[in-house]
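Participant: From the sequence below, what's the structure:
(one chain, ligands or ions: 1)
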Amino acid sequence: MNTTIFEAEGLSKQYGEGMALQNINMLIEQGDIYGFVGENGAGKTTLMKIISGLVYPTKGTIKLMGKSKKQDISQARKQMGVLIELPALYPHMNAEENLSFYCKIHGIKNTNRIKEVLNLVALSDVGNKNASDYSLGMRQRLALAIALLNKPTFLVLDEPINGLDPTGIVEMRKVLARLAHEEGVTILISSHILSELQLLATKFGFIHKGQLIKEVSAEELLQSAETQICIKTTETAAAIKVLENDLQIHSFTLSGSGEILIPKELTDLEQLMSIFIKQGIPIEGINLSTANLEHYYMDLIGE
Ligand SMILES: Nc1ncnc2c1ncn2[C@@H]1O[C@H](COP(=O)(O)OP(=O)(O)OP(=O)(O)O)[C@@H](O)[C@H]1O
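Facilitator: Numbering: from 1, shown residues only. Alright, predicted model coming up:
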């Protein structure tokens with residue numbers, strides 16, 4: 001049975017007149033990389049702050065590492081690493097010195113941990129370079145290293161790839177995948193870069209105007225996407241005739257660029273190719289379209 005890391009029941013947060021969160025029920029289990037998706041102002045940061053103890057909910061309950069009493073939750077938070085706002089980095093200090101400073105603040109005596117976290121975030125080679133010489137991606141990874149100092153089992157990361165260039169994004173993805181797969185860290189991560197989130201997350205939660213409208217596993221997302229065969233031909237009208245008359249396929253659509261999209265389960269690709277060739281229909285390309293987190297999200301919120 002999977003262990004529950006975080007659970008919210010009927011969670012709401014009101015700021016003045018505005019409801020930032022409304023009746024949220026959410027479940028994060030051990031080993032999940034939970035991708036948190038939502039528009040600006042949807043409520044992602046507010047929920048992450050509640051989990052981290054930076055903001056109190058107006059209504060509802062939370063359980064952290066199976067604990068629900070206030071004191072036990074505070075204790076459980078010691079097993080968490082949080083990156084919501086970038087911690088202050090001292091530019092004139094190198095990464096090791098910055099980490100050493102945070103070790104002192106958090107009362108971490110095991111200085112070997114500094115080398116370990118530098119290794120985990122792939123900064124070992126540049127650990128003695130001043131932080132002012134780091135790229136944004138390296139600074140983000142150093143901030144992550146600070147969040148990892150206490151060996152967390154649960155990481156909460158708000159937009160950790162925001163503003164990074166493609167190399168920085170790939171580096172961060174590799175680091176997070178390694179933390180999850182090799183160190184067994186459970187991760188809650190928000191990002192507006194849905195293609196990136198799709199490469200990493202094992203589960204998704206979609207929040208819209210303060211409401212968690214859907215939770216779905218990566219497998220369910222794949223299954224729910226109607227995998228389609230896309231056929232590109234210069235003879236679209238003739239190809240459609242063959243589909244309808246010879247193959248009795250009527251549920252196909254045309255993409256914006258004129259490709260014919262057929263649900264995969266409706267067709268035997270070999271048979272389709274052989275009929276097209278027999279009828280002299282030129283095929284310029286065939287490929288499979290698969291699940292797309294961005295489309296899924298847009299469908300979900302009705303846009
Ligand atoms: N301290 C605050 N006081 C008043 N309103 C707030 C406060 N913090 C957040 N809000 C409001 O709560 C709502 C949710 O904000 P939140 O920052 O949680 O959204 P978000 O999904 O993280 O957005 P983004 O993707 O832009 O970071 C927004 O309407 C925001 O204006």
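
Participant: what does the chain have sitting close to the ligand?
Facilitator: For the chain, the contact set with the ligand under Cβ under 6 Å from any ligand atom comprises 15, 18, 20, 38, 40-46. C-betas here are computed from N, CA, C, even on glycine.

Participant: Show me which pair in those is furthest apart.
Facilitator: Longest distance between any two of the residues of the chain next to the ligand is 16.5 Å, between Y15 and G38; criterion Cβ to Cβ.

Participant: that older thread, narrow the residues of the chain next to the ligand to those in strands?
Facilitator: 15, 18, 20 (DSSP state E).

Participant: Can I get the buried part of these as one PyMOL selection?
Facilitator: Listed next is the PyMOL selection for buried residues among those, using 16 or more other Cβ atoms under 10 Å:
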select buried, resi 20
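
Participant: Export the ones in strands among the residues of the chain next to the ligand to JSON lines and append columns for pLDDT and distance to L118.
Facilitator: What follows is these, written out as JSON lines (pLDDT from 0 to 100; distance: Cβ to Cβ, whole Å):
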{"residue": "Y15", "pLDDT": "95", "distance to L118": "38"}
{"residue": "G18", "pLDDT": "93", "distance to L118": "41"}
{"residue": "A20", "pLDDT": "97", "distance to L118": "36"}
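
Participant: Would you state the strands of the stretch 1-150 of the chain in chain order?
Facilitator: Along the stretch 1-150 of the chain, counting by DSSP state E, counting those that start in this stretch, strands occupy 4-15, 18-29, 33-37, 59-64, 80-83.

Participant: Highest mean neighbour count out of the ones you listed?
Facilitator: Sort the strands of the stretch 1-150 of the chain by mean neighbour count, taking mean count of other Cβ atoms under 10 Å, and strand 33-37 sits at the top with a mean of 25.

Participant: will you turn the strands of the stretch 1-150 of the chain into JSON lines that also has distance to E270?
Facilitator: What follows is the strands of the stretch 1-150 of the chain, written out as JSON lines (distance: least, Cβ to Cβ, whole Å):
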{"stretch": "strand 4-15", "distance to E270": "46"}
{"stretch": "strand 18-29", "distance to E270": "41"}
{"stretch": "strand 33-37", "distance to E270": "37"}
{"stretch": "strand 59-64", "distance to E270": "52"}
{"stretch": "strand 80-83", "distance to E270": "50"}
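
Participant: what's the longest helix in this structure?
Facilitator: Scanning the chain for the helix with the most residues, using DSSP state H, yields helix 166-183.

Participant: by contact count, what packs against it?
Facilitator: With contacts taken as 3 or more Cβ pairs under 8 Å, 6 or more residues apart in numbering; DSSP states H and E, helix 166-183 sits against helix 112-120, helix 136-148, strand 186-190, helix 194-200.

Participant: For the third one, the averaged confidence score.
Facilitator: Going back to what we said before, that points to strand 186-190. For strand 186-190, mean pLDDT rounds to 97.

Participant: dump the residue contacts of I108.
Facilitator: Going by Cβ atoms under 8 Å, 6 or more residues apart in numbering, I108 touches 102, 149-150.

Participant: The same query, at a cut-off of 7 Å, please.
Facilitator: 149-150 (Cβ atoms under 7 Å, 6 or more residues apart in numbering).

Participant: Check A147 too.
Facilitator: 81-83, 155.

Participant: Next: S289.
Facilitator: 227-228, 230, 261.

Participant: Now list the buried members of those.
Facilitator: The buried subset of those - by 16+ other Cβ under 10 Å - is 228, 261.

Participant: Which of the contacts of S289 fall in helices?
Facilitator: Among the contacts of S289, no residue falls in helices (DSSP H).

Participant: Could you list which of the contacts of S289 belong to strands?
Facilitator: 228, 230, 261.

Participant: Quickly name whichever of these is closest to the ligand.
Facilitator: Set against the ligand, the nearest of these by Cβ to the nearest ligand atom is Q228 (31.1 Å).

Participant: so how far is K63 from the closest one?
Facilitator: 41 Å (Cβ to Cβ, to the nearest Å).

Participant: ok, now which ones touch the closest residue to T290 other than its chain neighbours?
Facilitator: Spatially, and ignoring its direct neighbours in sequence, T290 is nearest to T227 (5.6 Å; Cβ to Cβ, 6 or more residues apart in numbering). Counting by Cβ under 7 Å, 6+ apart, T227 touches 264, 288-290.

Participant: centre of the chain versus stretch 53-69, how much separation?
Facilitator: 22 Å (Cα atoms, centre = their mean, to the nearest Å).

Participant: got the CA coordinates for that stretch in CSV?
Facilitator: The C-alpha trace of stretch 53-69 is given here as CSV (Å, rounded to 0.1, in the frame of the first residue of the first chain):
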residue,chain,number,x,y,z
GLY,A,53,3.3,26.2,7.3
LEU,A,54,3.8,29.7,5.9
VAL,A,55,0.1,30.4,5.7
TYR,A,56,-2.9,29.0,7.7
PRO,A,57,-6.0,27.7,6.0
THR,A,58,-9.3,29.3,6.7
LYS,A,59,-11.1,26.0,6.6
GLY,A,60,-10.4,22.3,6.2
THR,A,61,-7.7,19.9,7.4
ILE,A,62,-4.4,18.7,6.2
LYS,A,63,-2.4,15.6,7.0
LEU,A,64,1.4,15.5,6.5
MET,A,65,3.3,12.2,6.6
GLY,A,66,0.1,10.8,8.1
LYS,A,67,0.0,13.3,11.0
SER,A,68,-2.9,15.6,11.6
LYS,A,69,-2.3,17.2,15.0
